[in-house]
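>>> Next come a sequence and a model predicted from it.
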Amino acid sequence: MKAAICDDEPLFLNSFQKNLEDAFKTCEMKCSVSVYHNSMEILGHVEKYDIIFLDVDMPYLTGEEIAAYIREREIGTLLIFVTNHDSFVFSSFRYRPFGFIRKKHIDSELLIVIKDIKNFFESKSEFFTCLSHGNEIYAKYSDIIFFESYSHEIIAHTISGNFTFSEPLSKLEKRLSSKGFIRTHSSYLVNSSYIFSVERERVVLNTNNTKQIVPLSRKRVNEVKHKMMTFLRR
């Protein structure tokens with residue numbers, strides 16, 4: 001695996017690189033770490049990396065602008081924002097970050113993120129299974145955008161098409177809560193990886209640069225935001 005750090009503060013960058021390499025070793029992960037002091041420099045190399053740690057506040061290009069560049073080109077690199085702004089987590093949804101680390105809490109948050117990265121790559125090939133009209137269906141969790149309860153059936157909306165099966169949505173929610181799926185409405189269970197923004201009465205999803213809208217119950221707004229923060233901190 002290959003990781004990159006982009007930060008314009010030399011002292012922090014050197015310290016963070018060492019901490020990151022130590023965290024990878026602790027988690028028994030083989031990962032080389034490259035560093036970039038200039039945000040413009042990393043743009044031509046983003047496709048080489050499995051993971052990129054981005055400082056949010058940088059001259060020339062901010063971490064958000066680099067993230068936007070990566071997502072617009074549909075590059076599957078895991079993005080970790082490194083910031084001191086707690087509120088940034090909510091505005092960062094549109095870039096589909098894997099997580100974020102607060103600079104003042106690196107000692108407690110870095111190792112958690114690295115463990116989650118390890119679990120992610122180890123479980124990347126896990127499949128969702130169900131019976132659909134007598135046939136056994138397999139779908140990668142990462143390919144499922146959302147589930148919709150409709151007329152006593154569940155419609156699974158995936159990047160390659162839809163399929164239906166029978167199961168109470170409440171039971172499905174419990175089964176998939178650890179996989180990053182969030183209940184936004186009595187009839188919708190959404191893969192948090194596709195959430196672009198959480199608005200007053202709707203959630204905007206981004207799939208291949210195409211926006212989809214699913215309803216958001218008013219009573220679930222705070223719960224959805226809380227769960228998104230939890231998944232980003234994992």
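Nice, I can see it. Residues are numbered from 1 along each chain as shown.
>>> for the protein, which spans come out with low pLDDT?
For the chain, the stretches flagged by pLDDT under 70 are 87-91, 124-125, 232-234.
>>> What does the residue nearest the centre of it show for phi and psi?
Centroid-nearest residue in the chain, with Cα atoms, centre = their mean: residue 98, separated by 3.6 Å. With angles defined as degrees, to the nearest 10, residue 98 sits at phi -80, psi -30.
>>> Test my guess that it contacts residue 118.
No. Using Cβ atoms under 8 Å, residue 98 is not in contact with residue 118, being 11.9 Å away. Using the backbone N, CA and C atoms, a C-beta is placed for each residue, glycine as well.
>>> on that earlier part again, how near is the residue nearest to the centre of the chain to residue 160?
For residue 98, the distance to residue 160 equals 23 Å [Cβ to Cβ, to the nearest Å].
>>> beta partners of residue 195?
Legend: beta-bridge partners of residue 195 under DSSP bridges are residue 205.
>>> Let me know the secondary structure of the nearest residue to residue 40 once chain neighbours are set aside.
Closest residue to residue 40 in three dimensions, ignoring its sequence neighbours and counting by Cβ to Cβ, 6 or more residues apart in numbering: residue 60, at 5.0 Å. Classification of residue 60 by DSSP: H, G, I helix; E, B strand; the rest coil places it in coil.
>>> count of neighbours near residue 60?
12 (other Cβ atoms under 10 Å).
>>> show me the contacts for it.
For residue 60, the contact set (Cβ atoms under 8 Å, 6 or more residues apart in numbering) comprises 38-40.
>>> With residue 56 instead?
Applying Cβ under 8 Å, 6+ apart, we find residue 56 in contact with 62-64, 81-83, 85, 88.
>>> Give the PyMOL command for selecting the buried subset of those residues.
Entered in PyMOL, the line below selects the buried ones among these, by 16 or more other Cβ atoms under 10 Å:
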select buried, resi 63+64+81+82+83+88
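>>> Among the contacts of residue 56, which lie within strands?
Using DSSP state E, the members of the contacts of residue 56 that fall within strands are 81-83.
>>> okay if I get those as TSV plus distance to residue 71?
TSV is the format used below for the ones in strands among the contacts of residue 56 (distance: Cβ to Cβ, whole Å):
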residue	distance to residue 71
81	13
82	18
83	18
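>>> quick one: which of the residues you listed is nearest residue 170?
Among the ones in strands among the contacts of residue 56, residue 81 lies closest to residue 170 (Cβ to Cβ), at 33.0 Å.
>>> May I have the beta-bridge partners of the closest one?
Beta-bridge partners for residue 81, by DSSP bridges, are residue 54, residue 100.
>>> secondary structure class for the closest residue in space to residue 37 that isn't next to it in sequence?
The spatially closest residue to residue 37, leaving aside those adjacent along the chain, is residue 8, at 6.1 Å (Cβ to Cβ, 6+ apart). Secondary structure, three-state DSSP: residue 8 is coil.
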